[in-house]
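[1] A structural model of the following input is requested.
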Amino acid sequence: MNLQAIYTIYMFEMKRFFRTLTQSLISPVLSTSLYFVVFGAAIGSRIDQVEGVSYGAFIVPGLIMLSVMTQATSNASFGIYFPKFIGTIYELLSAPVNFLEIVMGYVGAAATKALFIGVIILITAFFFVEIQIAHPLAMIAFLILTCISFSLLGFIIGIWAGNFEQLQLIPLLVITPLVFLGGSFYSITMLPPVWQTITLFNPVVYLISGFRWSFFGTADVGIGISLFAIALFTGICLATIWWIFRTGWRIRQ
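    Numbers count the residues shown, from 1 in each chain. Sure thing, here's the model as predicted:
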């Protein structure tokens, strides 16, 4: 394995991130603060507790997942799309690196950026509500797995996209609505039985549920099912990327 190639791609992407570090920090902090003001203060004052947890604390895992999923997808998609846009991807494909090393470089950088944002949001949350993490190791594991899996999805989107509008299409019109409808700001047990059943078809439900379990020890679905869901999602993304590089779909066009 060409570790130098992986490191070079990774550091190139990370340097691009650190050039806009102020923007990368201010945006999630402001967004999280606004969510706490609107949901935590306005709505939280009308909702005492959810599953034995104060509403302000209850929405923290959902806020983190919302930012992590969108940031991981956007960073990875832009990271691989830009070389396509300016034509330097052909230099990358002709270099002595295989598809796995390319993916590890770009996806690793995107996942690191999303993880960094997730940690910043978690730290910000401590200034607004009192949070106790019941299973810290599980929380870290879920956070890292989510960063990696959605970075893989973003990588696929970046290869598929033919323009900058398509690059933003899925994060805005698919991922964000799924997160909002996936129990990020409420427990699905609060929904009528029919809608509870419908919500279970939303894959994001299992990720948020497992992540919330790591904080409070309660979940809408079993922790084993959540782990299986994220493993299945990651496997599908890896298989899709392997097929893309094997066939050259959208890369050599």
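
[2] quick one: the strands in this protein?
    Residue ranges of the strands in the chain, as given by DSSP state E, are 49-50, 53-54.

[3] so which of the ones you listed is the most packed in?
    Mean neighbours per residue, mean count of other Cβ atoms under 10 Å, is largest over these for strand 53-54, with a mean of 18. C-betas here are computed from N, CA, C, even on glycine.

[4] Would you list the strands that that one pairs with, along with their directions?
    strand 49-50 (antiparallel) (DSSP bridges).

[5] avg pLDDT for the strand it pairs with?
    Across strand 49-50, the average pLDDT comes to 80.

[6] Identify all contacting residues around it.
    With contacts defined as Cβ atoms under 8 Å, 6 or more residues apart in numbering, strand 49-50 is touched by 55, 58, 186, 187, 190.

[7] circling back to that earlier point, any chance of the strands of the chain in CSV, with distance to residue 17 too?
    CSV is the format used below for these (distance: least, Cβ to Cβ, whole Å):
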stretch, distance to residue 17
strand 49-50, 35
strand 53-54, 33
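
[8] circling back to that earlier point, in helices only, show me the contacts of strand 49-50.
    55, 58 (DSSP state H).

[9] Of the contacts of strand 49-50, just the buried ones, PyMOL syntax please.
    Remark: buried members of the contacts of strand 49-50, expressed as a PyMOL selection using 16 or more other Cβ atoms under 10 Å:
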select buried, resi 55+58+186+187
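
[10] Minimum distance to residue 66: which of the strands of the chain has it?
    Closest to residue 66 of the strands of the chain is strand 49-50 (Cβ to Cβ; 16.9 Å).

[11] how about the contacts of strand 49-50 in TSV, adding pLDDT?
    Supplementary listing: these in TSV, determined by pLDDT from 0 to 100:
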residue	pLDDT
55	85
58	90
186	88
187	89
190	87
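
[12] residue ranges with poor pLDDT in the stretch 1-150 of the chain?
    Counting by pLDDT under 70, the ranges of the stretch 1-150 of the chain that qualify are 40-42, 44-45.

[13] can you pull out the helices in it?
    Taking DSSP state H, counting those that start in this stretch as the criterion, the stretch 1-150 of the chain carries its helices at 3-19, 21-35, 55-58, 60-86, 89-94, 99-125, 136-160.

[14] Show me what the fifth one is in contact with.
    Looking back up the chat, that one is helix 89-94. Here helix 89-94 makes contact (Cβ under 8 Å, 6+ apart) with 80, 83, 102, 251, 252.

[15] buried subset of the residues you listed?
    80, 83, 102, 251.

[16] my guess is residue 129 meets residue 56, correct?
    Yes - Residue 129 lies in contact with residue 56 (Cβ atoms under 8 Å); the separation is 4.0 Å.

[17] Give me the more crowded residue out of those two.
    Under the neighbour definition other Cβ atoms under 10 Å, residue 129 and residue 56 were set side by side, and residue 56 has more, 20 against 17.

[18] Reformat the contacts of strand 49-50 as JSON lines; add distance to residue 33.
    Below are those laid out as JSON lines (distance: Cβ to Cβ, whole Å):
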{"residue": "55", "distance to residue 33": "16"}
{"residue": "58", "distance to residue 33": "17"}
{"residue": "186", "distance to residue 33": "20"}
{"residue": "187", "distance to residue 33": "24"}
{"residue": "190", "distance to residue 33": "25"}
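
[19] any idea which of the contacts of strand 49-50 is closest to residue 21?
    Nearest to residue 21 among these, with distances taken as Cβ to Cβ, is residue 58, at 30.5 Å.

[20] Single out the most deeply packed of the helices of the stretch 1-150 of the chain.
    Among the helices of the stretch 1-150 of the chain, helix 60-86 has the highest mean neighbour count (mean count of other Cβ under 10 Å), at a mean of 24.

[21] and the angle from that one to helix 21-35?
    Angle of helix 60-86 versus helix 21-35, following axes from the mean of the first three to the mean of the last three Cα atoms, to 10 degrees, is 140 degrees.
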